[in-house]
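have a look at this fold, sequence not included:
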């Protein structure tokens, strides 16, 4: 199997091609049983972000080579299925897939298997990565205080404008909303999952 690209940004796809070849004069039929991503079975019972172009390949003396294609899209649906959980509110933990290498394996009938490794990258730093970076250099409290200070500054600026008390009420509403969003972000970060590398070989599922 060869997966291209081997480095996959979030919301992009990798195309994994399994090259099958006949080594004898016998006719051989191979059925694709499952596709694993990072140690988790994602096909046939899995997210629609994993697709195959066919399930059965027949090799004969007159047709000794065939390819089977697996397309995996690294998106919210795949992350929700892989981690079996979602953040509070909306979105997904797809950013938690970033920065790791994953084994993609195709398992066929007769004990035949083929695999390759892909690495997942992000196009831009996600909320989880930003918070993680901040906590490495300081603390989660620092991040929260920065968010609170930002909301407080917005309240003061709007309240001092010319719209009077009505604006103060509206700005207070958005200030409370900002606090709630900050709390949601922090809670989601604290409960965010991490891919498990059981054998410490830097490849998830391998």
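Yep, it's here. The structure presented is a predicted model; accordingly, all values stated were derived computationally and were not measured. Numbering: from 1, shown residues only.

list the contacts for the residue lying closest to residue 48 once chain neighbours are set aside?
In this structure, residue 48 finds its nearest non-sequential neighbour in residue 77, 6.6 Å apart by CB to CB, 6 or more residues apart in numbering. C-beta here means a position set from N, CA and C on the backbone, and glycine is covered the same way. Contacts for residue 77 (CB atoms under 8 Å, 6 or more residues apart in numbering) come out as 47, 48, 49, 92.

so residue 92 touches residue 76, yeah?
Yes. Under the criterion of CB atoms under 8 Å, residue 92 is in contact with residue 76, at a separation of 3.7 Å.

picking that back up, tell me the one among the contacts of residue 77 nearest to residue 27.
residue 48 (33.0 Å; CB to CB).

the closest one in helix, strand or coil?
Secondary structure assignment for residue 48 (DSSP: H, G, I helix; E, B strand; the rest coil): coil.

quick one: pLDDT of it?
On the pLDDT scale, residue 48 is placed at 97.

ditto for residue 60
At residue 60, pLDDT is 95.

so what's it bridging to?
residue 63 (DSSP bridges).

list the pairing partners of the helix or strand that contains residue 41 within its sheet, with orientation.
Using DSSP states H and E, residue 41 sits in strand 40-43. Strand 40-43 has its sheet partners listed here by DSSP bridges as strand 28-37 (antiparallel).

and the contacts of the partner strand?
Outside strand 28-37, the residues touching it (CB under 8 Å, 6+ apart) are 20, 22, 41-44, 46, 50, 52, 54-59, 68, 70, 72, 78, 82, 102-110, 112, 205.

may I see the PyMOL selection of the buried members of the residues you listed?
The following PyMOL line selects those of those that are buried, judged by 16 or more other CB atoms under 10 Å:
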select buried, resi 20+22+41+42+43+46+50+52+57+59+68+70+72+78+82+102+103+104+105+106+107+108+205
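
and the contacts of strand 28-37, which of them are in helices?
78, 82 (DSSP state H).

in the chain, which spans are strands?
Ranges of strands in the chain, per DSSP state E, are 2-4, 7-9, 13-21, 28-37, 40-43, 50-52, 56-59, 65-73, 101-108, 113-121, 203-204.
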